[in-house]
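**Q** Attaching a predicted model along with its sequence, questions to come.
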There are 2 protein chains.
Amino acid sequence: MSYLGEIGEFGFIERIKATFSTSSPLLLQGIGDDCAVFKGREGWHTLVTCDAQVEDVHFKTGLFPPFLLGRRILAVNVSDIAAMGGLPRFALLSFALRPELEEKWLSEVLRGIKEEAERFGVEVIGGNLSSIASSLVFDVTLIGEVESKYPLLLRKNARVGDRVLITGYPGEAACGLQIILEGSQEEIVRFERLCRRCFAPSPRLEEGRVIAESGYPCALIDVSDGLLQDLSHLLDASQVGVVIHLEDLPLSGEVQEFAREKGIDPFLPILSGGEDFELLFTAPPWLAEELQREIQRRTGTPVWVIGEVVEERGLRLYREGKEVSIDRRGWNHFGRGRA
Amino acid sequence: MSYLGEIGEFGFIERIKATFSTSSPLLLQGIGDDCAVFKGREGWHTLVTCDAQVEDVHFKTGLFPPFLLGRRILAVNVSDIAAMGGLPRFALLSFALRPELEEKWLSEVLRGIKEEAERFGVEVIGGNLSSIASSLVFDVTLIGEVESKYPLLLRKNARVGDRVLITGYPGEAACGLQIILEGSQEEIVRFERLCRRCFAPSPRLEEGRVIAESGYPCALIDVSDGLLQDLSHLLDASQVGVVIHLEDLPLSGEVQEFAREKGIDPFLPILSGGEDFELLFTAPPWLAEELQREIQRRTGTPVWVIGEVVEERGLRLYREGKEVSIDRRGWNHFGRGRA
């Protein structure tokens, strides 16, 4: 007899993909990217995604301020729309809640959702409520649009010779999480930036729009499960490999300080930490530079070239010229922690 | 301090409605109907709904065959598309699952979803998986379409003088549930039809299409929380009342037999039992007869005139000419059982 924990999250997704086939002429992208895509109103494709925040898996109720939880519930979904270069439009909220929840706590969650919704131009248009005996579940379906004149920014678009780029500072949220879970009050204050990146991730919506507006079919994914794991999804979809020199990864001052104090390799949170919701993408060399400049100019977010797409499958990491291996790849639901 | 259980499901929905406002010119219907509606591809409106099945709230894992659970997970959502007179197209599956679930059990759930999806022309295009420590949650977002040439079949469309109609035999699922929970093996066999109606509800999709194709703005809702409760939603939205003569309600032979054996009033499950997913709608007298005939002709499903819309708000029930009252109104999540 075999169990879900043995198949793992990605094994079960493969099972689902194999179970259901699609043939609708309205469908442009089914299972296997950040959003599904189907034919929309004139001039537009419709994007749809859903992502849930489950108590004791994604957040602990006593530890997570409800206002920030509300923001996060929506933000993780906005990030999936960003990873298609789209604009979010409508949200459905599907919550499973315990009857003994305090009204005040719930109001704070709603206030957080509202703030994030207004920030990104999202309107709440429906949903579902159910009771549940134990763990809270906050599930959101987000509907967005992207202009049909642009090519879709799919994971399978990476080509040999493309540069691999990433926005911002991946790994900060993972460091923040560790501080929130294990740190002292003094550390929480001192590493406030890292904690904020964990509590209140900022979807890279405008950054995704710059990539879409280039009109080039870049491969694009958001980093939710960890840089190496999400990069692997992109490489698998594109049937290519990558070479990365660790020296090219963006190390923020806070991550360096955190790693030094904790005595860990500063590249570990960058490579394996998820939940930063940075954008990871590929572009040919001539476009890579232009996108770096344009994203920085329009959003202030730095963009880094961290590697190159190669024909040989797999993920090769170099450190000071020598190939190195790394085990911790990122989050895998149902698996034994990190796979 | 107040708690969710005191506010109740519908109180909290009102809170959500009050928190979020909408102004998008793309939006035709937000919170407050069976589906949200926005501008779709040329000639069509897009419909979207979500509904979750939560373990120990909607089903018990040991009691509910996983294949039928799979069918049900999709069916309850198809019913919401039916309640807009639409056609279902795409589903997103968002599941929160325990790692120790058996693969075989999950495969049966997927097989049930697949059968129901193929039956109603639904393609699975995405979703989300999360682990959870306790209760399973099967959440589905269903996207459908309805032709923009037809008026929307909204709850607020009921007009004074309209007839109130219902499809099939409401109350059968509620009787079936009681047999499944408390009955003997012999009763489960003898009342197999009632049990089947509980385990495997049949969304009235084609019936909804007949109503849409009439081109008249009927008020339409599916009966998921109980006839009286869902009728109240429709009346509140339309700001009208209704007069019902119990003698006009459809009593199936099985419900009569069940009620006689259990010593209960046979109208009780009909009025307060939910989960039949029959369609409840209004139409002016000239159209009511035509819809009765046409639905019966195209689908074989009987349709009954059960009341009349009146100006005076509220729900008035008559039995043998005398006004009667009834307490049990249907299911209210977070409330103390039935409100």
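**A** Good, I have the coordinates. Numbering: from 1, shown residues only, chains lettered A, B, ... in the order given.
**Q** Contact partners for residue A:130?
**A** By Cβ atoms under 8 Å, 6 or more residues apart in numbering or on different chains, the contact set of residue A:130 is A:94, A:95, A:96, A:97, B:52, B:54, B:57, B:58, B:137, B:333. In this view, the C-beta of every residue, glycine as well, is placed from N, C-alpha and C.
**Q** Format those residues as CSV; extra columns: neighbour count.
**A** Converted to CSV, those look like this (neighbours: other Cβ atoms under 10 Å in any protein chain shown):
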residue, neighbour count
A:94, 25
A:95, 25
A:96, 29
A:97, 21
B:52, 27
B:54, 20
B:57, 17
B:58, 19
B:137, 26
B:333, 23
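**Q** Closest one of those to residue B:35?
**A** residue A:94 (13.6 Å; Cβ to Cβ).
**Q** check which helix or strand covers the closest one.
**A** Assessed by DSSP states H and E, residue A:94 sits inside strand A:87-97.
**Q** and the helix or strand just after that strand, how far out from the chain's middle?
**A** Using DSSP H and E, the helix or strand that follows strand A:87-97 towards the C-terminus is helix A:103-120. Between the centre of helix A:103-120 and the centre of its host chain there is 21 Å, according to Cα atoms, centre = their mean, to the nearest Å.
**Q** cool, and stretch A:311-320?
**A** 22 Å.
**Q** Mind telling me which residue is nearest the centre of chain A?
**A** residue A:224 (3.1 Å; Cα atoms, centre = their mean).
**Q** Break down the stretch 151-300 of chain A into its strands, ranges please.
**A** Secondary structure of the stretch 151-300 of chain A, counting by DSSP state E, counting those that start in this stretch: strands at A:163-167, A:220-222, A:241-245, A:279-283.
**Q** Out of those strands, which gets nearest to residue B:149?
**A** The nearest among the strands of the stretch 151-300 of chain A, by Cβ to Cβ, is strand A:220-222 at 37.6 Å.
**Q** Could you list every helix and strand in contact with that closest one?
**A** Strand A:220-222 sits against helix A:66-82, helix A:227-238, strand A:279-283, with contacts defined as 3 or more Cβ pairs under 8 Å, 6 or more residues apart in numbering or on different chains; DSSP states H and E.
**Q** Work out the sheet partners of that strand and label each with its direction, please.
**A** Under the criterion DSSP bridges, strand A:220-222 sits next to strand A:279-283 (antiparallel) in its sheet.
**Q** I'd assumed residue A:317 was in a strand, is it?
**A** Yes - if the criterion is DSSP: H, G, I helix; E, B strand; the rest coil, then residue A:317 is within a strand.
**Q** pretty sure it is touching residue A:323, no?
**A** Yes - proximity of residue A:317 to residue A:323 meets the contact threshold set by Cβ atoms under 8 Å, at 6.8 Å.
**Q** hmm, back to that, out of the helices and strands packed on strand A:220-222, deepest packed?
**A** With neighbours defined by mean count of other Cβ atoms under 10 Å in any protein chain shown, none of the helices and strands packed on strand A:220-222 is more surrounded on average than strand A:279-283, at a mean of 28.
**Q** just to revisit the earlier point, what touches both of residue A:317 and residue A:323?
**A** Counting by Cβ under 8 Å, 6+ apart, nothing touches both residue A:317 and residue A:323.
**Q** which one of those two has more residues nearby?
**A** Between residue A:317 and residue A:323, counted using other Cβ atoms under 10 Å in any protein chain shown, the more crowded position is residue A:317 (19 against 9).
**Q** Closest residue of the stretch 151-300 of chain A to chain B?
**A** Closest to chain B within the stretch 151-300 of chain A is residue A:224: 10.8 Å, counting by Cβ to the nearest Cβ.
**Q** residue contacts, that residue?
**A** Going by Cβ under 8 Å, 6+ apart, residue A:224 touches A:76, A:79, A:230, A:274, A:275, A:277.
**Q** Distance-wise, check it relative to residue A:259.
**A** Going from residue A:224 to residue A:259 by Cβ to Cβ, to the nearest Å gives 22 Å.
**Q** same check, this time on residue A:134
**A** With Cβ to Cβ as the criterion, residue A:134 and residue A:259 are 36 Å apart.
**Q** repeat for residue A:106
**A** Here the criterion is Cβ to Cβ. By it, residue A:106 lies 38 Å from residue A:259.
**Q** in the stretch 101-250 of chain A, which segments are predicted with low confidence?
**A** For the stretch 101-250 of chain A, no stretch is flagged by pLDDT under 70.
**Q** which ones are touching residue A:241?
**A** A:235, A:309, A:310, A:311, A:312, A:313, A:314, A:315, A:316.
**Q** Nearest to chain B, out of these: which one, please.
**A** The closest of these to chain B turns out to be residue A:235 (Cβ to the nearest Cβ; 20.7 Å).
**Q** For residue A:280, see how far away the closest one is.
**A** Counting by Cβ to Cβ, the gap from residue A:235 to residue A:280 is 11 Å.
**Q** again, but for residue A:170
**A** 8 Å.
**Q** can you check residue A:290 too?
**A** For residue A:290 relative to residue A:280 (Cβ to Cβ), the value is 18 Å.
**Q** do the same with residue A:37
**A** Where residue A:280 is concerned, residue A:37 sits at a distance of 19 Å (Cβ to Cβ).
**Q** do the same with residue A:60
**A** Residue A:60 is 28 Å from residue A:280, by Cβ to Cβ.
**Q** Which residues are in contact with each of residue A:170 and residue A:280?
**A** A:223, A:227.
**Q** that older thread, quick one, which of the helices and strands packed on strand A:220-222 is nearest to residue B:197?
**A** In terms of Cβ to Cβ, the element of these nearest to residue B:197 is helix A:66-82, at 36.1 Å.
**Q** how about residue A:276, what does it touch?
**A** Neighbours of residue A:276 in contact, by Cβ under 8 Å, 6+ apart: A:168, A:169, A:170, A:171, A:172, A:173, A:174, A:197, A:201, A:223.
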